[in-house]
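Enquirer: here's my sequence, what's the structure:
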Amino acid sequence: MSEVNVSDNLKKLRLRIAKAEQAVGRAPNSVGLVAVSKTKPISLIRAAIAEGQRAFGENYAQEAIEKATALADLGLEWHFIGPVQSNKTQGLAGAMSWVHTVDRLKIARRLNDQRPENMPALNVCLQVNISQETSKAGLPPDQVAALAREVAGLPRLRLRGLMAIPAPTDNTLEQRQAFADMRELLLQLKSTLPELDTLSMGMSGDLEAAIAEGATLIRVGSDIFGARN
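Expert: Model prediction:
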């Protein structure tokens, strides 16, 4: 298999993001990119770092912790975007900058209690099952406000906003509707929690729709690092 050209891939992706921002009148660089490096070797992560990428996303706790530890001297921003198991919270609380996938108060409390005192508060998003798929993790939309109030009161966490992985579809209108529902949900929360500022939504196949509806962080893996192993 030929080596993935991470440099070229990142350049193309950044241009695509810039065009999507421009198309809907959003400010340049208003959308952050989390490079999803799950299952990828550190050599490819270093290639992305050489192109100025600082935020990386991982789905598996042990792999996330190992990579964050191995590259700890580089001041990177590590985002955990996979399901959080109770027995993994301690490692994540000490190694991650962000956890996007909080959907239970028990998990939030464990992350809060296990976040080291010498580190800044852990940025978290609540994962919303916006398409209400039985196979997907995340909160039903009507339970988000109650959990948000609880999580916002935890001192070692900083609730930033919401995250979703809508049902996959190639229909742009359907893509936009799911993301618009997320935007509306965040807007409702901001009436009581005005400090919320993050919509983590959009991946390789639907990032234009996500950006059009207000995404502030998009999560892209294969378009940077090549197909999954």
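Enquirer: ok, now which ones touch the residue lying closest to Ala27 once chain neighbours are set aside?
Expert: Distances taken as CB to CB, 6 or more residues apart in numbering place Glu21 nearest to Ala27, at 7.0 Å, with adjacent residues excluded. All C-beta atoms are positioned from the backbone trio N, CA, C, and that covers glycine. Neighbouring residues of Glu21 by CB atoms under 8 Å, 6 or more residues apart in numbering: 27-31, 211.
Enquirer: and Glu21, what element?
Expert: Per DSSP states H and E, Glu21 falls inside helix 6-23.
Enquirer: in PDB, list the C-alpha atoms belonging to that helix.
Expert: The C-alpha trace of helix 6-23 is given here as PDB (Å, rounded to 0.1, in the frame of the first residue of the first chain):
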ATOM      1  CA  VAL A   6      -1.100  13.600   4.800                       C
ATOM      2  CA  SER A   7       0.300  17.000   3.800                       C
ATOM      3  CA  ASP A   8      -1.600  17.100   0.500                       C
ATOM      4  CA  ASN A   9      -4.800  15.700   2.100                       C
ATOM      5  CA  LEU A  10      -4.800  18.300   4.800                       C
ATOM      6  CA  LYS A  11      -4.300  21.100   2.200                       C
ATOM      7  CA  LYS A  12      -7.200  19.800   0.200                       C
ATOM      8  CA  LEU A  13      -9.400  19.500   3.300                       C
ATOM      9  CA  ARG A  14      -8.600  22.900   4.600                       C
ATOM     10  CA  LEU A  15      -9.500  24.400   1.200                       C
ATOM     11  CA  ARG A  16     -12.800  22.500   1.200                       C
ATOM     12  CA  ILE A  17     -13.600  23.800   4.700                       C
ATOM     13  CA  ALA A  18     -12.700  27.400   3.600                       C
ATOM     14  CA  LYS A  19     -15.000  27.100   0.600                       C
ATOM     15  CA  ALA A  20     -17.800  25.800   2.800                       C
ATOM     16  CA  GLU A  21     -17.400  28.700   5.200                       C
ATOM     17  CA  GLN A  22     -17.400  31.200   2.400                       C
ATOM     18  CA  ALA A  23     -20.400  29.700   0.700                       C
END
